[in-house]
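A.B. asks: Predicted model follows, preceded by the sequence.
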Amino acid sequence: MDPQTVIARRIARELRPGMLVNLGIGIPTLVAKYVPEGLPVFFQSENGLIGTGAPPEEGMAHPLLTDAAGRPVTALPGAATFDSALSFGLIRGGHLDLTVLGGLQVDQEGRLANWMIPGKMVPGMGGAMDLVTGAKRVIVAMQHTAKNAPKIVKSLTLPPTSARTVDLVVTELAVLAFRDGRANLLETGPGISVAEVVAATEAELTIAETVHEMTL
Amino acid sequence: MDPQTVIARRIARELRPGMLVNLGIGIPTLVAKYVPEGLPVFFQSENGLIGTGAPPEEGMAHPLLTDAAGRPVTALPGAATFDSALSFGLIRGGHLDLTVLGGLQVDQEGRLANWMIPGKMVPGMGGAMDLVTGAKRVIVAMQHTAKNAPKIVKSLTLPPTSARTVDLVVTELAVLAFRDGRANLLETGPGISVAEVVAATEAELTIAETVHEMTL
Amino acid sequence: MRTLSLEHSVALIPDGASLMIGGFMAVGTPERLVDEILRQGKRDLIVIANDTAMPGKGIGKLVEKKLLRKVIASHIGLNPETQRQMMAGELEVELVPQGTLVERIRAGGHGLGGILTPTGLGTSVEEGKRRITVDGKDYLLETALKADFALVHAFMADYLGNLSYALTARNFNPVIAMAAETVIVCADHIMPVGVLPPDQVVTPAPIVDILVANPCS
Amino acid sequence: MRTLSLEHSVALIPDGASLMIGGFMAVGTPERLVDEILRQGKRDLIVIANDTAMPGKGIGKLVEKKLLRKVIASHIGLNPETQRQMMAGELEVELVPQGTLVERIRAGGHGLGGILTPTGLGTSVEEGKRRITVDGKDYLLETALKADFALVHAFMADYLGNLSYALTARNFNPVIAMAAETVIVCADHIMPVGVLPPDQVVTPAPIVDILVANPCS
C-alpha cells in the first residue's frame, strides 16, 4: 500500500457518526474515499457547502457547485450551501468536529507549520489558520519525512499556522498524539518498527507501553 | 388637522426615491400613510423585512409575517426577509437612509432621549440606540410639549439614546434642524408664529432669516 | 442529531440552565417548547432573547410563572409584568441594544471574542465596558454571548436537521442556533432528507442536536 | 438603483479604486465585469477578495495584465503569477486568514469597527495588531474593511436589485455587497419584481446601486 493510502485509511478510522469534517487539499482529500460503509459523516467544503458528494459523472457538472479548489462536485441529499461568513463561523465557532490538514512541519509539542516557506512558497494561509485554531479536533495527514529529512521536529523552522497544537499526526510510519506538550507514539505503520519511527523523527517521542501496528 | 397628522405629513415630504426608511412605533408609523403617490421608498421593519405593505385584509393575515410590534402586515412585490443580524447590519452599517423615531426629550445640540424614564418606564432600548447611532439621517417625530412642559430642552434630564445628535425634529409647532450644536428653527406649524414656538421651547433657538410655514 | 418527543426534548433542560429563545414579540418563538417548559416546571432559568413578548405569549408566559432568574433582552416594553418584576427586584434584567444583542450572540456562535460597535457610546450601556479606538473612531467592546440551550423555531426541517425559516419568524432563530451547547428545534414542517434545496437551508444540519418529533404548530 | 449597460457600469470605476470582488477560485466571480475592466484598461486597482483565482480566470486576469497595485486575499496558491509578482516586489499582497478576511469585510458592511478572533494569535498575522483579553482568553483585534466598489455575481436579481445566489457561487458575494460605497451586480438571470420569494432574497434591493442590464453568463 502506498504511503498516501495508509495515511488516508488510518485517518478514516477516526470518523464517528454525525461528525462535521473538513478535509484539506492533498492527502486529506483521500480520506473521503475510505469512509466506512454506511457511516453518516458531514463533509464541509469551506467555500460554502456541507454534504459534498463525489465528482459528477461526465456531462453532469455545474460550474456553480464546486469544491474549495474550484473543481465540480455533487451535493448529497440533505446538502446545504452558505456564504463564507457562515462557513468560517462553523469552523471558528467550534462546530467543526474534525479537520484534517496537510503539514510541512510539526514540532515536539504539536505546533503545525503548513502555510508557507519564506522566500520560496507563499500560497497564503487560506482557511488553514482558522481550521487549526477553531476545529474541535485537528489531525495532520502527511508523509513522515521530506527528502529523508524529518518533518516532526524539535522546533519549527517554518512559520506556525496557529498557537494551538494539533491532536494527532498520522504518517505512513506512525500515529502520534500530542498532549501536554509531548509527542506520544501510539501506533506504527504496516511493517514498521518503533526504532524505525524514532530514527525518522527529530522530536523526542514518548513511547506508549504497547505500540500496536495501525489497523487500516 | 390634529398634531400627529401635521407631523406625519411634514415628515413624509422628507422622503426621496429609493430611500431605505425605518419608522418607529407611534407617530412615525403614520408617515407611511402620507408617502407621495408613486414615490418608490423601501420601508424596513427591524424584525427582518423590507417592503412592508399595509395591514392585510380580514382573513388574509399570516402569523409569520408581522411588523416589529408583532402585528400582521403584508409584503409588497420585491419584499425581502432576513434575520436580525442582517437587519441591524443594514441599520448600523449606514445602509439605512432615514429613521423616524419618537422622542421624550431633545436637547439644545440635538441629543435624543427616548428609551426610558428612570424608575417609571423602562421598556428597553430595542433598536433605538442602533437606529440613532447608525442611520444616515435621524428625524424625531414628537409633539412639541408634554403636559405643557417643553420637550426640546437645554440639557437632557433623561438618559440619552445615543451620543450622536439627530438631524431634524418635527413637531406640530415647528421643524428644527440640528447642526454644529445649534437648534435651528426652519419652519413653523400651520397657523403658528415664531414667538409661539419660542415660548414652547426651552432650548435656545437659532431662528432662520425666513421661517416659512410648513408645506404639508 | 436525535429526534425526540416534545417531553423528552424539554426534559434535557435542567433547572438553572441558560436558554436562548428565538422570536420577536413571540413571532418565531417555539411556543410548544415554551409550553412544555411550563408544564415541566423548570426553574431559575436565564433567558436570552430579543424581548419578553407580551403576557400570555411566548416568553411572556415564563415571566408570568416566575420561572426566570435573569433576562437578557433588548425590549420588555410590551410586557408590563417583566417591568414590574424588574422594578420590584424580583427579576434581574439586562437590557442590551438589539443590534448589539444579536451581534454578541453571533460572536458567541462564530468563535469571536466580541465585536466593536458604536452603539451605546455615551449612554448607560457604556458603563463598565472598554472603549476602543480604531482609526480615530471610538467603539464599545461588546463581548460574546453563549448559552446552554437554544430553543429554535423553524418553518421547515429535514430529518438530518437542516432548517429553513419563514418571513419575519426568522429573526434571532438562525443566530441563536449557532451559539448554544445544545440546539433544540421545533419545526412547523418536517420533510424527508433531500427535499430542501441546498440554497434554501439557512441553518445546516450539523448544528442541530435535537429535533422535536412532531411539528411545532 | 440604476440599471446600466456593462460598459457604463464599469466606466464608473476610476483608476486607483478599491474593489471587493466576489468569488472563490473564480466560482462566483462576475467574469464579465472583470473582462470589461480589462477592456477599459483600469489601472492601480486595489483588489480585496478571497483569492486571485488561477491564470486566465477571474481576478487572475487582472493580475496577469498588471492592473493591480495591491491585493488583500487569503490565498494566492493556485496563481503562480501573483506569487511571482509579490516576491519580485511588483505587487503588494496582504495575506489574511480566510475567516478573518470575511469577518473584517462583514464588520465594514455591518457598521462594526472590528472583531476579536483567536485566529492568527502567535503567528505572523499577529504582527502590529492589538491583543485583547476577554474572560481570560486572548484574541486579536481585526479591524473593519470597506471598499469603493463591490463587484458582485448573483444567480438571480430582480429589477429592484434583490439578489439570490446559487450553491458555492455565493461565498463572499453577499458579504462584500454590504461593505462597498457602490455595489455593481452582474446576475445570471434578471427577473421581474415580485417573482423572487422574500425568503429567497439574500441581499435586499436597497444595498445594490448598479445592476448590469444584460445577464452575466
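C.D. replies: Here it is on my side, so go on.

A.B. asks: okay, now residue 95: neighbour count?
C.D. replies: All of this refers to chain A. By the criterion of other C-beta atoms under 10 Å in any protein chain shown, A:H95 has 21 neighbours. Bear in mind the C-beta positions are built from the backbone N, C-alpha and C, glycine included.

A.B. asks: Hmm, no, I was thinking of chain C.
C.D. replies: 22.

A.B. asks: Look up how far chain B lies from it.
C.D. replies: Distance of C:L95 to chain B, computed by C-beta to the nearest C-beta, to the nearest Å: 5 Å.

A.B. asks: now A:L76
C.D. replies: 26 Å.

A.B. asks: That residue: which element?
C.D. replies: In the assignment (DSSP states H and E), A:L76 maps to strand A:74-81.

A.B. asks: And the pLDDT at the nearest residue to A:Q105 once chain neighbours are set aside?
C.D. replies: Nearest non-adjacent residue to A:Q105, counting by C-beta to C-beta, 6 or more residues apart in numbering or on different chains: A:A113, 4.4 Å away. Note on A:A113: pLDDT of 98.

A.B. asks: do the same with C:G120
C.D. replies: 98.

A.B. asks: re the thing from before, is it true that the residue nearest to A:Q105 touches A:T161?
C.D. replies: Yes - A:A113 lies in contact with A:T161 (C-beta atoms under 8 Å); the separation is 6.1 Å.

A.B. asks: Counting neighbours around each, name which of the two comes out higher.
C.D. replies: A:T161 (33 against 21).

A.B. asks: isn't A:G134 right up against D:G120?
C.D. replies: No - when contacts are counted by C-beta under 8 Å, A:G134 is not listed as touching D:G120 (11.5 Å).

A.B. asks: If you count surrounding residues, which of the two has more?
C.D. replies: Neighbour tally, A:G134 and D:G120, criterion other C-beta under 10 Å: the higher count belongs to A:G134, 28 against 25.

A.B. asks: Can you name the residues that contact that one?
C.D. replies: A:88, A:91-94, A:96, C:111, D:99, D:118-119 (C-beta atoms under 8 Å, 6 or more residues apart in numbering or on different chains).

A.B. asks: for chain C, which helix is longest?
C.D. replies: In chain C, with assignment by DSSP state H, the single longest helix is helix C:98-109.

A.B. asks: The residue nearest to A:R71 when sequence neighbours are not counted: how many residues sit nearby?
C.D. replies: Closest residue to A:R71 apart from its sequence neighbours, by C-beta to C-beta, 6+ apart: A:P55 at 7.0 Å. Using other C-beta under 10 Å, A:P55 has 13 neighbouring residues.

A.B. asks: where does A:P55 land on pLDDT?
C.D. replies: For A:P55, the model assigns a pLDDT of 92.

A.B. asks: Point me to the residue sitting farthest from the middle of the chain.
C.D. replies: Defaulting to chain A. The C-alpha centroid of chain A is most remote from A:G59, which lies 31.2 Å away (C-alpha atoms, centre = their mean).

A.B. asks: not what I meant, chain C
C.D. replies: C:G136 (34.5 Å).

A.B. asks: how about the residue in chain A that chain B sits nearest to, what does it touch?
C.D. replies: Of all residues in chain A, A:A85 sits closest to chain B, at 9.5 Å by C-beta to the nearest C-beta. Residues near A:A85 by C-beta under 8 Å, 6+ apart: C:110, D:102-103, D:106, D:175.

A.B. asks: Could you do A:Q4 as well?
C.D. replies: A:Q4 is in contact with A:27, A:30, A:143, A:172, counting by C-beta under 8 Å, 6+ apart.

A.B. asks: what's the offset of the host helix or strand of it from the middle of its chain?
C.D. replies: Using DSSP H and E, A:Q4 sits in helix A:3-12. With C-alpha atoms, centre = their mean, to the nearest Å as the basis, helix A:3-12 stands 10 Å off its chain's centre.

A.B. asks: Repeat that for stretch C:16-32.
C.D. replies: 5 Å.

A.B. asks: Buried ones in it, by neighbour count?
C.D. replies: By neighbour count, with 16 or more other C-beta atoms under 10 Å in any protein chain shown as the criterion, the buried positions of stretch C:16-32 are C:17-32.

A.B. asks: Same check on stretch A:39-54?
C.D. replies: Buried, per 16+ other C-beta under 10 Å, within stretch A:39-54: A:41-52.

A.B. asks: now swap in stretch A:18-37 and tell me
C.D. replies: Neighbour count says stretch A:18-37 has A:18-24, A:27-32 buried, by 16+ other C-beta under 10 Å.

A.B. asks: so which pair among those is furthest apart in space?
C.D. replies: Distances among those were taken as C-beta to C-beta; the most separated pair is A:G18 and A:I27, at 23.9 Å.

A.B. asks: quick one on the thing from earlier: angle of whatever helix or strand comes next after the strand holding A:L76 against helix D:98-109?
C.D. replies: Sequence-wise, the next helix or strand downstream of strand A:74-81 (DSSP H and E) is helix A:84-92. For helix A:84-92 against helix D:98-109, the angle between stretch directions is 130 degrees (axes from the mean of the first three to the mean of the last three C-alpha atoms, to 10 degrees).

A.B. asks: quick one: helix A:84-92 to chain centroid distance?
C.D. replies: With C-alpha atoms, centre = their mean, you get 18 Å for helix A:84-92.

A.B. asks: mind listing what's buried in it?
C.D. replies: For helix A:84-92, by 16+ other C-beta under 10 Å, it's A:84-92.
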